[in-house]
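**Q** Please find the sequence and the predicted model below.
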Amino acid sequence: MEQRYHNSAKEVSTMTTAELRGNFLVDSLMKADEISFVYSHYDRVIVGSAVPANGPISLPNYPELRAEYFLERRELGIINIGGPGEVVIDAQTFAINKLDCVFAGKGSKEVTFKSLDATNPAKYYLLSAPAHKEYPASLMKKEDATPVSIGSAETSNARTIYKYIHLDGIRSSQLVMGLTVLSTGSVWNTMPSHTHDRRMEMYFYFDVTPGQVVLHLMGEPQQTKHLVMKNNEAVISPPWSIHSGCGTANYSFIWGMAGENQVYSDMDPVAIDELK
Ligand SMILES: O=C[C@H](O)[C@@H](O)CC(=O)C(=O)O
Ligand SMILES: [Zn+2]
């Protein structure tokens, strides 16, 4: 499993484009018939994907974990961005359509990913964090993820936030996970920006129209950098970093966090005109 170590805010402030991308961009996801992961040392969050096109894929174990099995001391959030599928966690089968979420808690020994239609395979985005407590496996449909509309067309940031794994949804030890869908004509996410030094965050951009990109902003609020991101790419956001983006057209993204607390609203906002 590829490892990504920490970088200090000072180090990041002088990084070249290639250095920023090498440390923070994850562009290896959503390959057909593959499961793959990148291990970030920010809060030891692991990001990955599984695309079972021509047959089921099971969650492997990795030597980097020094565990009996992947979820011996971890939990896993799963969101499907592709065709209809099934996730089997030990003896339980969950039918999971596009933008539904399944959670596999600490202690889940076998997790298998399936597609119902090889011509339109399920595409599973995976996010895992260390866990201290066993929470039951469960499914949340997109419709039950309490959609909240925020932003406005006037500021090009009208969007809908769906929360799946959080204090008032699927319970977990550490993971907080959901997704945001930008309305047609809206391009800005997470503006005003914020930080939450208590938690790292991972953003995964999807449903980006071919030929379009998202300029993702990161760094300390007065020392920002950008990465140009394509469809199905993820970016690691250190706890001290903002995470905002502006697309050349509308798009969606999955956000996920782990760290000191699970309070979604625990953010330190940055006034727009104080960004540098
Ligand atoms: O800490 C929370 C996250 O950054 C996101 O949920 C923000 C987001 O989806 C948005 O404003 O569009
Ligand atoms: Zn955030």
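**A** Good, I have the coordinates. Ligands and ions are numbered 1, 2, ... in the order given.
**Q** Other residues contacting stretch 88-104?
**A** Residues from elsewhere that reach stretch 88-104, judged by C-beta atoms under 8 Å, 6 or more residues apart in numbering: 71, 75-87, 108-112, 114, 122, 135, 137-142, 145, 162, 164-165, 170, 172, 175, 177, 179. Backbone N, C-alpha and C define where each C-beta goes, glycine included.
**Q** Just the buried residues of those residues.
**A** Among the contacts of stretch 88-104, those classed as buried by 16 or more other C-beta atoms under 10 Å are 71, 75-87, 108, 111-112, 114, 122, 135, 137-140, 142, 145, 162, 164-165, 170, 172, 175, 177, 179.
**Q** Give me the subset of those lying in strands.
**A** Counting by DSSP state E, the buried ones among the contacts of stretch 88-104 place 75-80, 85-87, 111-112, 114, 138-140, 162, 164-165, 177, 179 in strands.
**Q** tell me the angle the helix or strand where residue 201 lies makes with strand 74-80.
**A** Assigned by DSSP states H and E, residue 201 belongs to strand 199-206. Relative orientation of strand 199-206 and strand 74-80, computed by axes from the mean of the first three to the mean of the last three C-alpha atoms, to 10 degrees: 30 degrees.
**Q** Strand 199-206 - what's its average pLDDT?
**A** On average, the pLDDT along strand 199-206 is 99.
**Q** And for stretch 79-89?
**A** For stretch 79-89, the mean pLDDT works out to 98.
**Q** Ends of that stretch, what's the gap?
**A** Across stretch 79-89, the terminal residues are separated by 14 Å (C-alpha to C-alpha, to the nearest Å).
**Q** Does that stretch reach ligand 1?
**A** No: judged by C-beta under 6 Å from any ligand atom, stretch 79-89 and ligand 1 are separated, with a smallest distance of 13.4 Å.
**Q** now swap in stretch 122-134 and tell me
**A** No: Stretch 122-134 does not reach ligand 1 (C-beta under 6 Å from any ligand atom); its nearest approach is 13.1 Å.
**Q** now do stretch 168-177
**A** No: using C-beta under 6 Å from any ligand atom, we find that stretch 168-177 stays clear of ligand 1, coming within 7.9 Å at best.
**Q** Counting neighbours, what do you get for residue 103?
**A** Other residues near residue 103 number 26, with proximity taken as other C-beta atoms under 10 Å.
**Q** which residues touch the residue lying closest to it once chain neighbours are set aside?
**A** Spatial nearest neighbour of residue 103, excluding adjacent residues (C-beta to C-beta, 6 or more residues apart in numbering): residue 170 at 4.7 Å. By C-beta under 8 Å, 6+ apart, residue 170 lies in contact with 101, 103, 135, 138, 140, 164.
**Q** who does residue 170 bridge with?
**A** Note on residue 170: beta-bridge partners by DSSP bridges are residue 165.
**Q** how far away is it from residue 216?
**A** Using C-beta to C-beta, to the nearest Å, residue 170 is found at 27 Å from residue 216.
**Q** now do residue 107
**A** From residue 107 to residue 216 the distance is 35 Å (C-beta to C-beta).
**Q** Lovely, talk soon.
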